[in-house]
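**Student:** Make a model of this:
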Amino acid sequence: MGYDPLRFTRPLPELILSGEKYTTWRLSHRNIAEGERVILYYNELVPFAEAVVKKVEYKTLQQLWDEGFSGHESFKSFGELLEVYSNYYGREVSFDDVAEVIHLELVYFEEDRDFLDLFKMLYQNLNNSAP
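**Tutor:** I've put the predicted structure just below:
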């Protein structure tokens, strides 16, 4: 595996596990190939799902904004999108930054179902206790 792990913060794991989110936009390109299996992590260390990369494409943030948010969490404004990604990457981002758009499909094995159910329960408890 020649990529950095795909990490997600709250509330994104819940959106991924529910099927609402199946696309991630990364400004630090991951060198992930179509057909590759990847592990998805909550924060830094907790794996919560495995997925197959269905498609990888490159688009500017402006193009992504213009196309909408199918499979991705939405933003109230373009300014909010820029602010969120600036915070993620610790630098100012702009409409012409190119994102690696990774389309994912979750994969499950029968032995994973108990783990995923446990993760969902722990994640929900964490969400309920957060301020």
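
**Student:** Could you use CA atoms for every contact and neighbour count after this?
**Tutor:** Noted.

**Student:** Can you show me the helices along the chain?
**Tutor:** Remark: helices assigned in the chain by DSSP state H are 12-18, 61-67, 78-89, 112-129.

**Student:** tell me the contacts of residue 105?
**Tutor:** Each residue near residue 105 by Cα atoms under 8 Å, 6 or more residues apart in numbering is listed here: 22, 51-54.

**Student:** any idea which of the helices of the chain scores lowest on pLDDT?
**Tutor:** Lowest mean pLDDT within these: helix 112-129, at a mean of 63.

**Student:** By neighbour count, which bits of stretch 86-103 are buried? Give me those.
**Tutor:** 93-94, 98-103 (16 or more other Cα atoms under 10 Å).

**Student:** any chance of those residues in CSV, with pLDDT too?
**Tutor:** Below are these laid out as CSV (pLDDT from 0 to 100):
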residue, pLDDT
93, 96
94, 95
98, 96
99, 95
100, 94
101, 95
102, 95
103, 96
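
**Student:** Now, these that are in strands?
**Tutor:** Using DSSP state E, 98-103 are the members of the buried residues of stretch 86-103 that sit in strands.
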